[in-house]
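> Only the shape, not the letters, is given here:
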């Protein structure tokens, strides 16, 4: 009689393999499965679904505290997923988890996020995938986030997800006792307040640096950023199909002729 | 009595300002409006919605055939939109058009495309935006594509688009007489056939190069890649809201407790 096989879990992120968030996520996943870590060698925040097309990629082994931790890929989060599946993992994983990201990936940040993109790439490849983000840039405590990630991973390994769909999870940076609850959310409409600032270099020539903070434009508990700011864990199902299906009927009435 | 003001149109792409496609698109738009070109200094195919967060950006003027053509930004297509709106254009444009890209941006390529991402960034900023791609990598003839882009831009300037929605247009590389028609499509499920190839460098060490061709997995004229391969122009409405709304009810029944 065959015993239940432990699930094989691929762990990735966009902050790079040295990040504390991926360490916490890998530790959480090791309690429920066999884990392979494949992550960018360098931080790749804001890389979205970018791929490296014009340069070769290298795979290297990476140790943490003197022990093998995982593999680095000299590219983006999406590169990591592609190379992991084609050249690192001997078999397809049962689950891909991405994170735990520093900073929420809610609202329009969903489009910029390499953490979310790694999960979406997993879904494109037909693998159940989750993205986790902690809503802080400092004093991060991954204790509860890791625990919730483990719980959700177990649930998702059991329930599965629809095709082309991932769950993007945003978690407040709080101890468990202060978490208000779990809520299923939609991607909100909150936007960056400011996009680029101008400075002058030492020769007096201007340069521009992208810079922005997410301005809360939602006031509804069903929106991801609003919920996470109210101390709720926000679980948002995202699709790789970007089609605005509801608008197709209207467009058809435009009667575009060639 | 005020005369109808000519629309102000921002033109961007992901192939870089030297590309022939952006030249064709700018020429087409100049027939209906006042055009500003802001494009990456270098090719940025496959950059998706990536932003440059860790480096400063430079804006430079660019001439073509001895005449001022537009501005380059030393970053990604999304960087171009952000910097154009915050520091190059004196007022918000009426329309953003992106392309004309070499190669179709259909199916899962939608997620990888910098051309599409530039348009989505326009929509995030509340500006009507269109993306154009020509379904070829060689012997490109932008004649019909430019003509159709102009026609659609006029239509969209009149009709508008819903919030957070862009049109992504994929055009066969054919003379107008061979275009079968215009069809409103959905993002299809076609995927890359192969993701990364392994080679050895001159020291015998392996490197990996992302590589793939879109394998047609749809057989329905309502899917973008299928339609364009049947010589139709495929017009797909895409949304910046990636939420899988249909799945929220199911997820709520999971009763995730904290």
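Perfect, thanks for sending it. This one's a predicted model, so the numbers in the text were calculated from it and none came from an experiment.
> Name the SS class of the residue sitting nearest the centre point of chain A, please.
Closest residue to the average C-alpha location of chain A: residue A:115 at 2.5 Å, with Cα atoms, centre = their mean. Counting by DSSP: H, G, I helix; E, B strand; the rest coil, the backbone at residue A:115 sits in helix.
> Quick check, it in contact with residue A:78.
No: in this structure, residue A:115 is not within contact of residue A:78 by Cβ atoms under 8 Å, at 10.9 Å. In this view, the C-beta of every residue, glycine as well, is placed from N, C-alpha and C.
> picking up where we left off before, the residue nearest to the centre of chain A: what's it in contact with?
Each residue near residue A:115 by Cβ atoms under 8 Å, 6 or more residues apart in numbering or on different chains is listed here: A:13-15, A:77, A:98-99, A:101, A:105, A:131-133.
> mean confidence score for the helix or strand harbouring residue A:118?
When elements are assigned from DSSP states H and E, residue A:118 belongs to helix A:114-124. Model confidence over helix A:114-124 averages 97 on the pLDDT scale.
> Determine the number of other residues adjacent to the residue lying closest to residue A:211 once chain neighbours are set aside.
Ranked by Cβ to Cβ, 6 or more residues apart in numbering or on different chains and with sequence neighbours excluded, the top spatial neighbour of residue A:211 is residue A:197, at 5.0 Å. As a burial measure, the neighbour count of residue A:197 was computed by other Cβ atoms under 10 Å in any protein chain shown and equals 14.
> Quickly list what residue A:197 is bridged to.
Partner residues in beta bridges with residue A:197, using DSSP bridges, are residue A:209.
> Residue A:129 now?
Judged by DSSP bridges, the bridge partners of residue A:129 are residue A:96.
> And for the residue nearest to the centre of chain A, nearest residue in space, chain neighbours not counted?
The shortest distance from residue A:115 to any residue other than its chain neighbours is 4.2 Å, reached at residue A:101 (Cβ to Cβ, 6+ apart).
> Which pLDDT value belongs to the one you found?
What the model reports for residue A:101 is a pLDDT of 96.
> so what's it up against?
For residue A:101, the set of contacting residues under the criterion of Cβ under 8 Å, 6+ apart consists of A:13-15, A:21, A:45, A:113, A:115, A:131-134.
> Now the buried members of the residues you listed.
Taking 16 or more other Cβ atoms under 10 Å in any protein chain shown as the criterion, what is buried in the contacts of residue A:101 is A:13-15, A:21, A:45, A:113, A:115, A:131-134.
> what are the ranges of the strands in the stretch 1-150 of chain A?
With strands called from DSSP state E, counting those that start in this stretch, the stretch 1-150 of chain A shows them at A:8-12, A:34-40, A:59-64, A:67-73, A:95-102, A:129-134.
> Show me where the stretch 51-200 of chain A dips below the pLDDT cut-off.
For the stretch 51-200 of chain A, no stretch is flagged by pLDDT under 70.
> try it again with 90
Per-residue confidence of the stretch 51-200 of chain A (counting by pLDDT under 90) places the weak regions at A:53-55, A:137-138, A:192-197.
> Out of the buried ones among the contacts of residue A:101, which comes closest to chain B?
Among the buried ones among the contacts of residue A:101, residue A:45 lies closest to chain B (Cβ to the nearest Cβ), at 5.9 Å.
> Model confidence for the closest one, exactly?
84.
> Residue A:41 contacts residue A:74, doesn't it?
Yes: with the criterion set as Cβ under 8 Å, residue A:41 and residue A:74 qualify as a contacting pair; they are 5.2 Å apart.
> List the residues that are in contact with both of those two.
Residues touching both residue A:41 and residue A:74 (Cβ under 8 Å, 6+ apart) are residue A:60.
> What are the contacting residues of the longest helix along chain A?
Across chain A, the longest stretch assigned as helix under DSSP state H is helix A:143-159. Applying Cβ under 8 Å, 6+ apart, the contact partners of helix A:143-159 are A:7, A:9, A:21, A:24-25, A:27-29, A:31-33, A:94-95, A:97, A:99-100, A:128, A:130, A:132, A:134, A:167, A:169, A:171, A:174-176, A:179, A:182, A:233, A:235, B:254, B:256, B:258.
> next one: stretch A:84-98
By Cβ under 8 Å, 6+ apart, the list of residues contacting stretch A:84-98 reads A:7-14, A:25, A:29, A:33, A:36, A:38, A:59, A:71, A:73, A:77, A:81, A:115-116, A:118-119, A:122, A:125, A:127-132, A:149, A:153, A:156-157, B:194-196, B:198, B:208.
> Any of these buried? List them.
With burial judged by 16+ other Cβ under 10 Å, the buried subset of those is A:7-14, A:25, A:29, A:33, A:36, A:38, A:59, A:71, A:73, A:77, A:81, A:115-116, A:118-119, A:122, A:125, A:127-132, A:149, A:153, A:156, B:195-196, B:208.
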